[in-house]
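> need a 3D model of the following:
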Amino acid sequence: MKIKSPADMKLVVQDLKQKNKRIVSTNGAFDLLHAGHIRCLEFAKSKGDVLIVGLNSDSSIKKYKSETRPIIPENERAEMLSALEYVDYIVIFEEETPDEFIKLVCPDVHIKGAEYKENLSEKELVESLGGIIFFRERKPGEVTTTKIIEKIMKTYKGD
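Model prediction:
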């Protein structure tokens with residue numbers, strides 16, 4: 001099973017480190033899964049042996065995005081991610097920032113979208129643990145969850 005509790009993930013990470021596997025991490029809400037997410041996960045997987053995704057819980061998304069999000073509940077988002085070949089493990093985390101997830105995983109590589117380059121809160125932590133950060137550039141016109149929601153609202157306004 002790809003979806004792990006933090007306690008189970010700790011054991012998995014210990015095993016992966018003993019086997020000298022290059023651990024890659026990324027994190028986010030992954031609400032309304034779309035092609036941009038898939039491309040980011042594919043990019044992340046290409047940077048190492050094992051991809052571990054930190055998935056924001058419903059409560060953490062409400063804190064940093066809005067009370068109306070997420071659209072899809074955390075267990076369903078985790079299930080969708082687990083169906084993707086690029087994803088090896090998923091850990092749902094409750095905090096607003098991924099710091100505890102990163103401390104748990106101690107990634108060799110951490111991936112984020114280029115839109116976070118200027119203010120990536122976890123950058124210092126990843127580097128202090130010996131990891132490196134890669135940023136994935138969005139393709140021109142690439143969709144985001146927010147843009148999808150805006151389009152749905154505009155398209156179905158008044159229906």
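> which stretches of this protein have low pLDDT?
Applying pLDDT under 70 to the chain picks out residues 158-159.
> need the nearest residue in space to Ser121, chain neighbours excluded.
Leaving aside its sequence neighbours, Ser121 sits nearest to Thr97 (CB to CB, 6 or more residues apart in numbering; 5.2 Å). Every residue, glycine included, has its C-beta placed from N, CA and C.
> stretch 128-137: which residues count as buried?
Within stretch 128-137, the residues scored as buried using 16 or more other CB atoms under 10 Å are Gly131, Ile133, Arg136.
> put the alpha carbons of that stretch into CSV.
The C-alpha coordinates for stretch 128-137 follow below in CSV (Å, rounded to 0.1, in the frame of the first residue of the first chain):
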residue,chain,number,x,y,z
SER,A,128,20.1,21.7,6.3
LEU,A,129,19.3,18.0,6.0
GLY,A,130,21.7,17.6,3.1
GLY,A,131,19.1,17.7,0.3
ILE,A,132,18.9,19.8,-2.8
ILE,A,133,15.9,21.6,-4.3
PHE,A,134,14.8,21.4,-7.9
PHE,A,135,12.1,23.7,-9.3
ARG,A,136,9.9,22.6,-12.2
GLU,A,137,8.9,25.3,-14.7
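> give me the contacts around that stretch.
Contact partners of stretch 128-137, identified using CB atoms under 8 Å, 6 or more residues apart in numbering, comprise 39-40, 43-44, 47, 102-103, 106-114, 116-117, 120, 123, 126-127.
> gap between that stretch and the chain center?
14 Å (CA atoms, centre = their mean, to the nearest Å).
> ok, back up a step: the residue nearest to Ser121 touches Lys123, doesn't it?
No: counting by CB atoms under 8 Å, Thr97 stays clear of Lys123, with 11.4 Å between them.
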